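Q: Quick one: sequence plus predicted model below, questions after.
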Amino acid sequence: MTRATPLMDRLIRRSLEHAVPLCVQFDLTYRCNERCVHCYLDHQGDGEMDTAEVRRVLQELSQAGALFLTFSGGEVFLRRDFFQLAAEARRLHFDVSLKTNGILIDAVGALRLKALGVRRAQISIYSADPAVHDAVTKVRGSFERSVDALRLLRQEGLRVTLACPLMRQNVGGYRAVLALAERLGVHSLLDASITPKIDGGPGPLEFRSPAADLLPVLADPVLNPRVKRSPTSMDGEAPDDALRDIPCSAGHYSCYISPYGDVYPCVQMPLAAGNLRRHSFEEIWHGSAKMRQVRWLRESSVPVCRACPIRGYCQRCPGLALIEGGDLLGPWQRACELAEQTARLAGMRDPVSAWHARRPGEAEGPVFFAVARSEAIPKTGEVTWNQTAKPL
Amino acid sequence: MAERQLTRNPLAAWTEIEGEIVVISPQDSVLHELNGTGSFVWRQVDGQRSAGDIAELMAGEFEVTPKQARADTDEFIAHLLENKLLKGDSEA
């Protein structure tokens, strides 16, 4: 999840050992004032938890030991009680981050965030060309307003990240986006994980860049220095290393909460573990059968991928493997394609993933947690390639 | 002269995992992990107590002389103040 410092690494290990939800993403609303073409959400706001409910959940998260809290959406500033909730989160001494489009942030708002001690903000910019950005968001002038927000938050001393989801219509402009971030003095993050809609609909996938179109990004030595190395991300690790053998943080030391109070192991893992209107966070986090099942997952037990010759180049996401392939322990074909491209760039001749190398009719191993594709699917992905290491 | 009362920096983010405190410094985003005695000190900081008050509590809780407790507490609190994790009453 992060390029961890030794201390951060130890904190994660302790969180794992004691089942502490160290990192929580909390979507406060699915309503939004943009209509991004690739968005996975439905934007309806009926049934959101109210102020008192969210405050209670924040207290339960604090009692559970959560430290890193990300408020996201939808657009968080559409909640009239946003600053009230942010203040409560800071009173409970969470390390608060925001994911926002920024178009409602003005100088006063930026100052309030600083005064509250909100430490980080991430704003999506789809292109350095305002016309391309606005065509994605379907809001004229949104580029200027989002860039203004980046500047204002930067001026107030927040750690600001310009995030750029890479799609067919903007992948060619990624260097200009990085240059824009540099001019603004903010961090940058390229994200190629376009995912299906929340209802399972494949609509956003039409905007997903073909793996071949991502080659310039993959080959960029600044963004991906590891393509020049041998694959080592898994192979060199001790097999009994608990931290390295879990597929990701989901359900182990992180989770996701929807505006309606549903708790999931991750924003992109559609396994609703319980609802905070009916159960406490502690009951769900420690008692849910789905959470326990996810905690049981180990990379070394993934049937197809554990024998993959290019596994060291792979960024398999178990949630997206489930959403797109129906199996939490199965391959995520998108990751297979990208791993092959990356391995080729690193000098391997004709790299083929274990999934693509399987013979017709070959057993694919057991299917775990298979779900119907129409099951509610929360949100999209996190980092695929990032230029800078994530902060704490 | 009365000792200054100590307050946690309200801008610091922190949590407690199995009895040990982890704090993020608001000035530089550095993660600080406090050991058992450090965490004890952190928990005693309530806006009312001074370093002397906390050292007395420390001497009662751990097998350490009052003199040593005071010296160790002063050193540790100086470290926390330097890193802006605590505020003295004049800065609060």
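A: Looks like it came in fine. Residues are numbered from 1 along each chain as shown, chains lettered A, B, ... in the order given.

Q: quick one: low-confidence ranges for the stretch 101-250 of chain A?
A: Along the stretch 101-250 of chain A, segments meeting pLDDT under 70 span A:224-242.

Q: And the residue of it closest to chain B?
A: Residue of the stretch 101-250 of chain A nearest chain B, by C-beta to the nearest C-beta: residue A:117 (3.9 Å). Any C-beta I mention is one placed from the backbone N, CA and C, and that applies to glycine too.

Q: Let me know whether that residue touches residue B:14 as I believe.
A: No: using C-beta atoms under 8 Å, residue A:117 is not in contact with residue B:14, being 11.5 Å away.

Q: Tell me which of these two has more neighbours.
A: Neighbour count, other C-beta atoms under 10 Å in any protein chain shown: between residue A:117 and residue B:14, residue A:117 has more, with 23 against 19.

Q: related to what we said a few turns ago, hey, what's in contact with both of residue A:117 and residue B:14?
A: With contacts defined as C-beta atoms under 8 Å, 6 or more residues apart in numbering or on different chains, no residue is shared by residue A:117 and residue B:14.

Q: separation between residue A:244 and residue A:307?
A: 17 Å (C-beta to C-beta, to the nearest Å).

Q: Between those two, which has more neighbouring residues?
A: Between residue A:244 and residue A:307, residue A:244 has the larger neighbour count (other C-beta under 10 Å), namely 15 against 10.

Q: In terms of helices and strands, where is that one?
A: helix A:242-245 (DSSP states H and E).

Q: returning to that earlier point: run through the residues that contact the residue of the stretch 101-250 of chain A closest to chain B.
A: Residue A:117 sits in contact with A:90, A:96, B:10-13, B:26, where contact means C-beta under 8 Å, 6+ apart.

Q: how about a cut-off of 10 Å?
A: A:86-87, A:89-91, A:93-96, A:158, B:9-13, B:24, B:26 (C-beta atoms under 10 Å, 6 or more residues apart in numbering or on different chains).

Q: Any idea how many residues pack against residue A:15?
A: For residue A:15, using other C-beta under 10 Å, the count is 24.

Q: Surely it touches residue A:21?
A: Yes: the criterion here is C-beta atoms under 10 Å, and residue A:15 meets it with residue A:21 at 7.8 Å.

Q: which residues are common contacts for these two?
A: A:65-67, A:249, A:252-254.

Q: Sheet partners, orientation included, of the worst-scoring helix or strand of chain B on mean pLDDT?
A: Within chain B, no helix or strand scores below strand B:86-88, which has a mean of 89 by mean pLDDT, DSSP states H and E. Partners of strand B:86-88 in the sheet, by DSSP bridges, are strand B:6-8 (antiparallel).

Q: Show me what secondary structure element comes after the partner strand.
A: Next element after strand B:6-8 (DSSP H and E): strand B:13-17.

Q: Good, wrapping up.
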